[in-house]
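# Here you go, sequence then predicted model.
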Amino acid sequence: MGSENQKLHIFLFPFPAHGHMIPMVDMARLFVARGVGVTIVTTPLNLPLISRTIGKQTPHNPNIIINLVPIKFPSVEAGLPEHCENADSIPSPSLIPNFFKAANMLQQPFEQLLLQHHPDCVITDVFFPWTTDSAAKFEIPRIVFHGTGSFALCAAECMRLYQPHKKVSSDSEPFVIPNLPGEITMTKLVMPEHIKNDEDVEWTRMDKEWKEAELSSFGVVVNSFYELDGVYADHYKKVSGSKTWHIGPVSLCNRDLKGKANRGKEASIDEHECLKWLDSKKPNSVLYICFGSVANFLESQLKEIAMGLEASGQNFIWVMRKSQKDREEEWIPEGFEKRMEGKGLIIRGWAPQVLILDHKAIGGFVTHCGWNSTLEAVSAGVPMVTWPVFADQFYNEKFVTEVLRVGVPVGVKKYVEIVGDSVKKEAIEKAARRVIEGEEAEEMRNRAKKFAKMARQALDEKGSSYLDLTALIQELECRCY
Ligand code: UDP
């Protein structure tokens, strides 16, 4: 049990990737605002990222005391380069298994921390399945955080249970995901190899472990809200048998400029400069292009993006990974930046994404459909051009384009880890116009704005996510006292 004036003390242990750490920090702030004590466990190199995301205590942010505890990440022992402690620094897709190996080596030091700090509960990433056993040893509950929404959770579960892909004769033959509300069609082309072919013994074993650990845990906390994906939230409870709490969108805990600008890495543009640029543009007239923290396109693809954007004639903010800057002169169309002056802003490195999305000038978001980006767009009422690359992103695309109908697909046909399938400039140009101009864009925007309003209401006192968080805290308190 925590100290006298903190009724409950929770350990949060995110997987070391921005898309997992950022929402967990937001989640920590939601708990702290309810008087719960929170300790975040992370690796030494991720500590500064987490503490800048937490931010400073201000009159707007009085409840910001979150403890941080380091845990050594065995990069070298797992065959990774030294200092590779975050998914965004894995040098090649072939080393992804090593990163998971390192994550699997953390059980003993994690249990040491449980012994030292004796929290009442742990909320840990799905990719740390062994934390269910660790929590059991200390007789405390483990709650799982997947980092994705209810639709993707349901879709993945229905795929696992019914294996419809095994009944088609080719990679491009469509099949309906059985028992998933909404008649959702997929092809094997957009599935990861290890699920498609059952051949990768290691991945299949890990998948099984994640699932088994979830089933014997206390439940699942989801970064979403009932008004958005309630049908799938209910369905997930039914098909998986897990208890769930929907407490998002957690990014909405960042209400002031600093909070919105400071999530994740230090932004590569001054937030005031960025806002000034956006202030000079008409409402709904700027396309924001960003592919999250892990996807990393080939130079040939970046060139197509540049040409597609130019041909579309739209204003844009384009976020490029820092590593893409190095050989820029080799692929960027000649004179591109000069011609785009005033029309396009390129951010090389890290963008203050939530701050940008919340600006009224933003009219559309070209996104890889990482769940955080998707939910941040929904929360800002911004329609999307969906450009999935890997992981849960193809499910999120279906949710955005076919269930919520707040986005149009750019036309990605194939799952390709990190670098993505290739998309031609004509498709980019067309999708960019479609999401900003005309009646269809207007309809999508209106729908998106309605979801944005519901998202805010969900977090307000008496809103669905607020009440679900209350229910979770009460259940934990009952269990602990
Ligand atoms: N993000 C950001 N600036 C960037 C790139 C990403 O603030 O330049 C944030 C984004 O707002 C989101 C997270 O990083 O909260 C990325 O998570 P997501 O699930 O969208 O994608 P992932 O990086 O996991 O693929």
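Structure's in. What do you need? Quick caveat: nothing in here was measured; it's all calculated off a predicted structure. Numbering: from 1, shown residues only.
# partner residues bridging the spatially closest residue to Pro119 that is not a sequence neighbour?
Nearest residue to Pro119, sequence neighbours excluded (CB to CB, 6 or more residues apart in numbering): Phe11, at 4.2 Å. Glycine gets a C-beta too; all of them are placed from N, C-alpha and C. Under the criterion DSSP bridges, Phe11 forms beta bridges with Thr39, Val122.
# didn't Phe11 look like it was pressed against Gly37?
No. The pair Phe11 and Gly37 fails to qualify as a contact (CB atoms under 8 Å) at a distance of 9.9 Å.
# Might you enumerate the residues of the chain proximal to the ligand?
Taking CB under 6 Å from any ligand atom as the contact definition, the chain meets the ligand at 17-19, 22, 263-264, 290, 292-294, 319, 350-351, 353-354, 370-373, 376.
# so of those residues, which ones are in strands?
In strands, judged by DSSP state E, the following of those are found: Cys290, Val319.
# quick one, what contacts whatever residue of the stretch 1-150 of the chain ends up closest to the ligand?
Nearest to the ligand, among the residues of the stretch 1-150 of the chain, is Gly19, at 2.0 Å (CB to the nearest ligand atom). Contact partners of Gly19, counting by CB atoms under 8 Å, 6 or more residues apart in numbering, are Ala87, Gly147, Gly292, Ser293, Val294, Gly370, Trp371, Asn372.
# Out of the residues you listed, which two sit at the greatest distance?
Pairwise distances among the contacts of Gly19 were taken by CB to CB; the largest, 14.4 Å, belongs to Ala87 and Trp371.
# Same drill for these two, tell me which one is more crowded.
Of the pair Ala87 and Trp371, Trp371 is the one with more neighbours under other CB atoms under 10 Å, namely 27 against 20.
# Skipping adjacent residues, who's closest to the more buried one in space?
Trp371's closest residue in space is Thr148 (CB to CB, 6+ apart), at 4.4 Å.
# Neighbours of that neighbour, how many?
25.
# who has more neighbours, Phe11 and Gly37?
For Phe11 versus Gly37, neighbours defined as other CB under 10 Å are more numerous around Phe11 (27 against 21).
# Just the pLDDT for that one.
pLDDT, the model's per-residue confidence, is 97 for Phe11.
# what's it in contact with, if anything?
Applying CB under 8 Å, 6+ apart, one finds that Phe11 lies in contact with Val38, Thr39, Ile40, Val41, Leu113, Leu114, His117, Pro119, Cys121, Val122, Ile123, Thr124.
# How about Val239?
Taking CB under 8 Å, 6+ apart as the criterion, Val239 is in contact with Cys154, Glu157, Cys158, Leu161, Asn179.
# Kindly confirm my reading that it forms part of a helix.
Yes. Read with DSSP: H, G, I helix; E, B strand; the rest coil, Val239 is one of the residues of a helix.
# Roughly how far does it sit from the ligand?
The span separating Val239 from the ligand equals 23 Å under the rule CB to the nearest ligand atom, to the nearest Å.
# Name the spans of this structure whose pLDDT lies under the cut-off.
1-6, 56-64, 199, 323-325 (pLDDT under 70).
# how is it carved up into domains?
If you go by automatic domain parsing, the domain ranges for the chain are 9-155+159-168+176-252+459-480, 265-456.
# any chance of the ones you listed in a markdown table, with distance to Lys258 too?
A markdown table is the format used below for the domains of the chain (distance: least, CB to CB, whole Å):
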| stretch | distance to Lys258 |
| --- | --- |
| domain 9-155+159-168+176-252+459-480 | 6 |
| domain 265-456 | 8 |
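# Figure out which of these is closest to Gly259.
Shortest distance between Gly259 and those, using CB to CB, is found for domain 9-155+159-168+176-252+459-480: 5.8 Å.
# Just give me how far the longest helix along the chain sits from the chain centre.
In the chain, with assignment by DSSP state H, the single longest helix is helix 438-459. What separates the centre of helix 438-459 from the centre of its chain is 20 Å, taken as CA atoms, centre = their mean, to the nearest Å.
# Same question for that helix: list its buried residues.
Using 16 or more other CB atoms under 10 Å as the test for burial, helix 438-459 gives Ala441, Met444, Arg445, Arg447, Ala448, Phe451, Ala452, Met454, Ala455, Ala458, Leu459.
# Over to stretch 394-402?
If you call a residue buried by 16+ other CB under 10 Å, then stretch 394-402 has these buried ones: Phe394, Tyr395, Asn396, Glu397, Lys398, Phe399, Val400, Thr401.
# For Lys137, state which of those residues is nearest.
Nearest to Lys137 among those, counting by CB to CB, is Tyr395 at 34.1 Å.
# Check which helix or strand that closest one maps to.
When secondary structure is defined using DSSP states H and E, the element that contains Tyr395 is helix 393-398.
# what's the spacing between that helix and its chain's center?
Distance of helix 393-398 from its chain centroid, counting by CA atoms, centre = their mean, is 12 Å.
# ok, then the element right after the longest helix of the chain?
Proceeding N to C from helix 438-459, the next assigned helix or strand is helix 464-480, under DSSP H and E.
# got the angle for that next one vs helix 438-459?
Relative orientation of helix 464-480 versus helix 438-459 (axes from the mean of the first three to the mean of the last three CA atoms, to 10 degrees): 30 degrees.
# Output helix 464-480 as PDB, nothing but the C-alphas.
What follows is helix 464-480, C-alpha atoms only, in PDB (Å, rounded to 0.1, in the frame of the first residue of the first chain):
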ATOM      1  CA  SER A 464     -18.000   7.600 -19.900                       C
ATOM      2  CA  SER A 465     -14.200   7.500 -19.600                       C
ATOM      3  CA  TYR A 466     -14.200   9.500 -16.400                       C
ATOM      4  CA  LEU A 467     -16.600   7.000 -14.900                       C
ATOM      5  CA  ASP A 468     -14.700   3.900 -16.200                       C
ATOM      6  CA  LEU A 469     -11.600   5.300 -14.500                       C
ATOM      7  CA  THR A 470     -13.500   5.800 -11.300                       C
ATOM      8  CA  ALA A 471     -14.800   2.200 -11.500                       C
ATOM      9  CA  LEU A 472     -11.200   0.900 -12.100                       C
ATOM     10  CA  ILE A 473      -9.800   2.900  -9.100                       C
ATOM     11  CA  GLN A 474     -12.700   1.700  -6.900                       C
ATOM     12  CA  GLU A 475     -12.100  -1.900  -7.900                       C
ATOM     13  CA  LEU A 476      -8.500  -1.700  -7.100                       C
ATOM     14  CA  GLU A 477      -9.100   0.000  -3.800                       C
ATOM     15  CA  CYS A 478     -11.700  -2.700  -2.800                       C
ATOM     16  CA  ARG A 479      -9.100  -5.300  -3.700                       C
ATOM     17  CA  CYS A 480      -6.300  -3.600  -1.700                       C
END
